[in-house]
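Colleague: Build the 3D model from these lines:
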Amino acid sequence: MLDLEVLHRPTTPEEAVRLYDATPGNGLYVAGGTVLVPAGSSRLDYLIDLSHVGLDYIRREGDGPAPDLAIGAGVRIADLARNAEVAAVASGIVRDAASAVATHTVRNRATVGGNIVVSHYPTDLPAALLVLDARLEVLNGEGTREIALTEFYGNRREVHEKGDLIIEVRIPGEGRGFAAAFEKLGRLKVDIAIVNCAAALRIDGDAIAEARVAVNGTGRPPSRLREVESFLAGKPVAVSTFEEAGRVASGSVEPRSNHRASADYRRKMVGVLTKRTLLKAAGIDDR
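Modeller: Numbers count the residues shown, from 1 in each chain. The predicted structure follows:
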């Protein structure tokens, strides 16, 4: 049970960071609050409510024919799933991942930043954002900086410091050049994922010019499957190619067992979902 001394309600991200640094005790930024009760520590002394700091935007930024897509960390998952700009990126992969998050009640409260931060839950956005080479804009008392999402999950203790506030997710405009797909496996459609997978392909003629594959739900941080990506580069766009990619994927992960699934089952399902997302991204119906 939470036993808080203070609740702050800042009106800007900068004020939120100042309050975090200035308030004694253990604090936590909170927006949607959908994991606060199950994940919140009884040792929390204060919360900083981010509901009114102005991070609920989705907009194109940058010059040229393919500007970046900037998504404020306070955007609700439901709004992400409904946004036309989001749906236009890489076959709508981010829209599809957002639509797979929990129930409509949770999606109406949960935020993009929160879904990224609580990666100890097998959340649905990270895999989709990873294959789009997304970057995070982070704010602390010294200013803002960028962190590649691959670094955030691969080296989080080094690159994400106490008191850092994620204020934006940036999807590079080059994502428009990829065909992509997202798949989730859970006991129920609205359940936490046993495994989820995202794939993005850039196809040149009948060959794969570039491939990106990412998974989450293995009991480890969300990650890109580099062995699979290397295998796919230059290969023909064919069912046999993607079947072999699934086998490579299964052999490249070291999942963990828990009450949702065994490590062996997860390993097999990583292969199945890898093949499935690649086929879907390539527009191949293998039924």
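
Colleague: doesn't S99 make contact with V190?
Modeller: No: counting by C-beta atoms under 8 Å, V190 sits too far from S99 to count as a contact (11.0 Å). C-beta coordinates here come from the backbone N, C-alpha and C atoms, glycine included.

Colleague: Compare these two (neighbour count), which wins?
Modeller: S99 (18 against 14; other C-beta atoms under 10 Å).

Colleague: So the more buried one sits against D79, correct?
Modeller: No: contact criterion C-beta under 8 Å: S99 and D79 do not qualify, at 11.7 Å.

Colleague: what is the mean pLDDT for the longest helix along the chain?
Modeller: As assigned by DSSP state H, the longest helix anywhere in the chain is helix 263-282. Averaging pLDDT along helix 263-282 gives 98.

Colleague: cool, and stretch 245-256?
Modeller: Averaging pLDDT along stretch 245-256 gives 97.

Colleague: Same check on stretch 230-239?
Modeller: Computed over stretch 230-239, the mean pLDDT rounds to 98.

Colleague: For it, measure first residue to last.
Modeller: End-to-end span of stretch 230-239 (C-alpha to C-alpha, to the nearest Å): 17 Å.

Colleague: and if you look at stretch 177-188?
Modeller: 33 Å.

Colleague: Quick check: beta-bridge partners of the nearest residue to I171 once chain neighbours are set aside?
Modeller: Leaving out its chain neighbours, the residue that sits closest to I171 by C-beta to C-beta, 6 or more residues apart in numbering is L69, at 4.3 Å. Here L69 sits in beta bridges with R60, I171, as judged by DSSP bridges.

Colleague: Could you tell me the end-to-end distance of stretch 64-71?
Modeller: Span of stretch 64-71 from end to end, C-alpha to C-alpha: 19 Å.

Colleague: what do you get for stretch 138-157?
Modeller: In stretch 138-157, first residue to last residue: 14 Å (C-alpha to C-alpha).

Colleague: buried residues in that stretch?
Modeller: By 16 or more other C-beta atoms under 10 Å, the buried positions in stretch 138-157 come out as 138-140, 147, 149-150, 152-153.

Colleague: again with stretch 16-28
Modeller: Buried positions in stretch 16-28, judged by neighbour count with 16+ other C-beta under 10 Å: 16-17, 19-20, 23, 27-28.

Colleague: and the nearest residue to R266 once chain neighbours are set aside, how far is that from R202?
Modeller: Among residues not flanking R266 along the chain, P255 sits closest, at 3.8 Å (C-beta to C-beta, 6+ apart). Counting by C-beta to C-beta, to the nearest Å, the gap from P255 to R202 is 28 Å.

Colleague: Give me the more crowded residue out of the two.
Modeller: Per other C-beta under 10 Å, whichever of P255 and R202 has more neighbours is P255, with 23 against 16.

Colleague: Specify the local secondary structure of the more buried one.
Modeller: coil (DSSP: H, G, I helix; E, B strand; the rest coil).

Colleague: Would you enumerate the residues in contact with it?
Modeller: Listed by C-beta atoms under 8 Å, 6 or more residues apart in numbering, the contact partners of P255 are 195, 218-220, 263, 266-267, 270.

Colleague: low-scoring pLDDT stretches of the stretch 1-150 of the chain, where are they?
Modeller: Applying pLDDT under 70 to the stretch 1-150 of the chain picks out residues 1-2, 37-42, 119-121.

Colleague: how about the helices in the stretch 101-250 of the chain?
Modeller: Taking DSSP state H, counting those that start in this stretch, the helices of the stretch 101-250 of the chain run over residues 104-107, 112-117, 125-131, 149-154, 156-159, 226-232, 239-252.

Colleague: Mind checking those helices for the one nearest to S91?
Modeller: When the helices of the stretch 101-250 of the chain are compared by C-beta to C-beta, helix 125-131 sits nearest S91, at 10.5 Å.

Colleague: Could you measure from A181 over to D96?
Modeller: Separation of A181 from D96 (C-beta to C-beta) stands at 8 Å.

Colleague: Of those two, which one has the most company?
Modeller: Set side by side, A181 and D96 show more neighbours around A181, with 25 against 21, by other C-beta under 10 Å.

Colleague: what pairs with the more buried one across the strands?
Modeller: For A181, the beta-bridge partners are A199 (DSSP bridges).
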